[in-house]
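Visitor: Give me a 3D structure for the following:
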Amino acid sequence: MAEIAVSAALGVVQIFLSQRIPELKQKKLISDIKQREQHTEGARDRRNKVQEIAYKIEDALEEFMVDVPEHFHKHKFSQALHDVHHKVMHRRAFSRLSSRINDIQAKINAIKELDPFRTSSSGVAAVASSSRAEGVLDPVYPILNNDELVGMERRTTDLFDLLIKEESRRLVISVVGPNGSGKTTLIKKVCESERVKGHFECHAWVPHSTSCKDTWEKICKEMGVPVPQEQIWNRICFGWSLKDDWCNSINILPDNGNGSRIIFSTCRRDLASECSNDIYNLDLLTGNEAWKLFCKKAFRGSECPEHLKEISEDLLTRCGGLPLAIVALGSLLSTKSRTPAEFQKVLDSLGHNLERNFEFGIMKRVLEQRYFNLSHNLKHCFLLIRLWIAEGFVEEKGDQALEVADAYLKKLISGCLVDTNTRDVQGLVRSCQVNNLVRECLVSISEDERFCKVLTRQNFDEYDHHSNRRIAIHDTFTNSLKSKEYVSRVRTLLMFGKENFTTSEFGKALERFKFLRVLELKDAPLETFPAEVVNLTLLRYLNLRNTKINEVPDLVKKLQNLETLDLRQTFVSELPKTICEVHKLVHLAVDKINEVQGRVGAGVFSGIGVLASLQKLSLIKANKSQRIVEELGNLTAMRKLGITELESRDGKDLCASIQKMKHLSCLHVTSRSKVEVLDLDYMSTPPSLLHRLSLEGKLRATPSWISELHSLVKMSLKSSRLDGGLIEALQALPCLMELQLVDAFNGKELEFRCNSFQELRKLEVEQSDHLHTVLVHEGAMPNLQKLTMRRCKNLKLAPLGLNNLTRLEEMHLYEMSEELITELDNLRTGEYHWMIDHIQVIHTSCSPVNSTYPRFRNLSSFARY
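Guide: Numbers count the residues shown, from 1 in each chain. Modelled structure (predicted):
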């Protein structure tokens, strides 16, 4: 009963606070204050006071939660003893909370008296009358001068070709690119060129404001016509810098069949796709163009001195090819002495110069403008792109949180605020980054917003301990934590770098982090699990990946708010039985790397089935004596499951459990040994959303249910050793894009028939010892882009029908027979070279045994002549 009372009390307190403080009820208020005259001292003071109150409310609630933590009891007797023992402690906690609430109310009243803005009924009404809402253009988009238009010639030509395209209908053209890439400059140069003026009867170039009426008036003024009731202009070319959704305005412009054109610029690719007929993607400056512009600004048109080349290249790299950033940096350097020491000072202080230097101030305001137009949650995700759900930036809970977080990432990428590094075969983002200068701006903004502080060896002494709830520490643990008292306010601790410290040192420092919610310790030099972590009862996210810990203590059960526990690439071989008492766990990842076995799972005890919120569980060992496989059927929210050391007798139970996981999207199953059979042909209704499947172990036959996986995108079979029926079972899967067969096919002929594998992009065949023929019929694998074959020692002939793979870009043949490599070499130089001319990259190597050929050969098209 005590637990129910505490939970109810928390709910009452939150309602009480929201009623007493209506203008703090919505997170949006602080965001609105930040946007309203954000660069004035008054605005900053208002923002800081409101934020401080929000922090005090958070502190009051979380201190109460620490004093009255949640407990899980299996038995009513232990629950009763707990209630008696903690009754007095709970009473004291309620008393302290009441006192804190009264103090908070007094501070709120003081703020209300000083700032009438917060007394408006809506809490945000005054923002509507701000200068931005009145349509006054915020001059943060500077136009580059003519001497700064490096690389514009080819861009203006391309854009002009789109403008004068022989088409009578009205066309809308969007110029898409990141902030500072020169979109506004390009459009102005094109729209005001004599070529455009001569082609259209009238034209206008208008910087867009937030008021549609104001924009229309500017357009009419530019063209020298009165503002009409209806827009009936003939052969009009409009251009403006688009920052908001103006698709509706564009659609009311006339389309009278006289070849009118509209050009707008935007950072948002989704908006461009929705509003325009043609999209011109403004690429960043090439290396030569960036260097030319840099020298023009930094050395005033002269060549870069030899002794400054290395440091100048480092500086230029920080600009990421953005013209505005290069101009800002070059203008700053032009005022410095031309010595390596002076240039190094600029490199070391780039983040600080965002505030102090005028040119960099412009660059920061450009990014701020884009940043402040983001939604409240997206702003926080942009500043700290990891751990969104643990931080609470994704308000949706349960099954929907991952989808919403993924949508946030897509919006940031679509808005050119985040760059994609790698994508998988589906086109989904696997890794991403931000531009160097954007990162500097983000660090500056996050410090201004009191959102996060980045601590390094150079700046740890400057840290204001009352400012931030989040700190990111780079190689300065000893200095930053061991002697500081400020850390009691910190909610997120991110540690990076390889500084050596002991577990005991870290544990002692961690005692002061009483209210941590997020603890990122990936790659930290920890030998054991820090015992002090289990006292962080508010912790939601704990990452110990790639550390040397070998066990998790039983007291992990105290972490009743923990949602994510990452123990990948550690030495943990078994999870404690008490892990089953951490009822809010959503993601539990654990494995260790074994040089012989590869990734090895961890053992778990019976009871894992009570963790009903689990969505990811990987990798765990199947343990028949503990009935683990049967219990998995209770985890109906599961999305990603990895299980190892499965025995043949477990197969039927595993299939029964998997059928209950209607949301399962990724499944990895490994047998106990290479000779142990994976007996998995017991599913009548496999999960319909399964899109990644990995089976590692001997199969008697391809499980019949695999051919029903119509959402399957990626499949991996290892050690299956199937003689036949494999290709027939997989060839009709409508979404399969990547197929990996490692010691999976034991037959002699691999035949891909017409119309098979219509969506396959990547195919890998390895260790098929009996394979001697690969045949590709016309119409098979029409979208294949990459073919990899490895250690197929009896394959002496090149795959027949390579010319049918018209979209094949790469072919990699490693540790193959000399006969095969010889045939390929003859093929590329003989009369049938056309069969492989379309393949851009061909890399080969022979088996090292008795080979007279080089270990590696490049037979790519660019290396043939």
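Visitor: Tell me where the model's unsure across the stretch 751-865 of the chain.
Guide: 848-855, 861-865 (pLDDT under 70).
Visitor: Which stretches in it count as helices?
Guide: Ranges of helices within the stretch 751-865 of the chain are 818-829, based on DSSP state H, counting those that start in this stretch.
Visitor: quick one, strands of it?
Guide: Along the stretch 751-865 of the chain, counting by DSSP state E, counting those that start in this stretch, strands occupy 762-766, 773-776, 786-790, 810-816, 841-846, 857-858.
Visitor: Relative to Thr528, which of the ones you listed is closest?
Guide: Taking CB to CB, strand 762-766 is the member of these nearest to Thr528, at 38.8 Å. Yep, even glycine has a C-beta here, placed from its N, CA and C like the rest.
Visitor: What lies in contact with that closest one?
Guide: Under the contact criterion CB atoms under 8 Å, 6 or more residues apart in numbering, strand 762-766 has outside partners 425, 737-743, 745, 750, 757, 771, 774, 781, 784-792.
Visitor: Can you give the strand pairings for it, parallel or anti for each?
Guide: Using DSSP bridges, strand 762-766 pairs in its sheet with strand 738-742 (parallel), strand 786-790 (parallel).
Visitor: Now render these as TSV, adding distance to Lys796 and mean neighbour count.
Guide: Below are the strands paired with strand 762-766 laid out as TSV (distance: least, CB to CB, whole Å; neighbours: other CB atoms under 10 Å):
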stretch	distance to Lys796	mean neighbour count
strand 738-742	19	20
strand 786-790	13	20
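Visitor: quick one: which of these is nearest Ser260?
Guide: Going by CB to CB, the one of these nearest Ser260 is strand 786-790, 44.8 Å.
Visitor: Give me the contact list for that closest one.
Guide: 761-767, 774, 795, 799, 805, 808-816.
Visitor: go again using 6 Å as the cut-off
Guide: Outside strand 786-790, the residues that touch it by CB atoms under 6 Å, 6 or more residues apart in numbering are 762-766, 810-815.
Visitor: Which among those count as buried?
Guide: Buried members of the contacts of strand 786-790, scored by 16 or more other CB atoms under 10 Å, are 762-766, 810-815.
Visitor: Now for the residues you listed: which two are most distant?
Guide: For these, with distances taken as CB to CB, the pair at the greatest spread is Lys762 and Glu815 (19.0 Å).
Visitor: how about Leu689, what does it touch?
Guide: With contacts taken as CB under 6 Å, 6+ apart, Leu689 has the following neighbours: 665, 711.
Visitor: you'd agree Glu289 is up against Val150?
Guide: Yes: if you go by CB atoms under 6 Å, Glu289 and Val150 touch, sitting 5.1 Å apart.
Visitor: ok, the residue lying closest to Met638 once chain neighbours are set aside to Cys220 distance?
Guide: Nearest residue to Met638 in three dimensions, chain neighbours excluded: Met661, at 4.5 Å (CB to CB, 6 or more residues apart in numbering). Plainly put, Met661 is 62 Å away from Cys220 if you go by CB to CB, to the nearest Å.
Visitor: Which of the two has more residues huddled nearby?
Guide: Met661 (22 against 17; other CB atoms under 10 Å).
Visitor: Give the helix, strand or coil label for that one.
Guide: coil (DSSP: H, G, I helix; E, B strand; the rest coil).
Visitor: And for Thr547?
Guide: Quick answer, by three-state DSSP: Thr547 is coil.
Visitor: mind exporting the helix or strand where Val175 lies as CSV, just the C-alpha atoms?
Guide: Using DSSP states H and E, Val175 sits in strand 171-176. Taking C-alpha atoms only, strand 171-176 is exported to CSV below (Å, rounded to 0.1, in the frame of the first residue of the first chain):
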residue,chain,number,x,y,z
LEU,A,171,7.5,25.7,-62.9
VAL,A,172,8.6,25.9,-59.3
ILE,A,173,12.3,25.4,-58.7
SER,A,174,13.8,24.8,-55.3
VAL,A,175,17.4,25.3,-54.3
VAL,A,176,18.3,23.0,-51.5
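Visitor: was I right about Ser720 contacting Leu699?
Guide: Yes: judged on CB under 6 Å, Ser720 makes contact with Leu699 at a distance of 4.4 Å.
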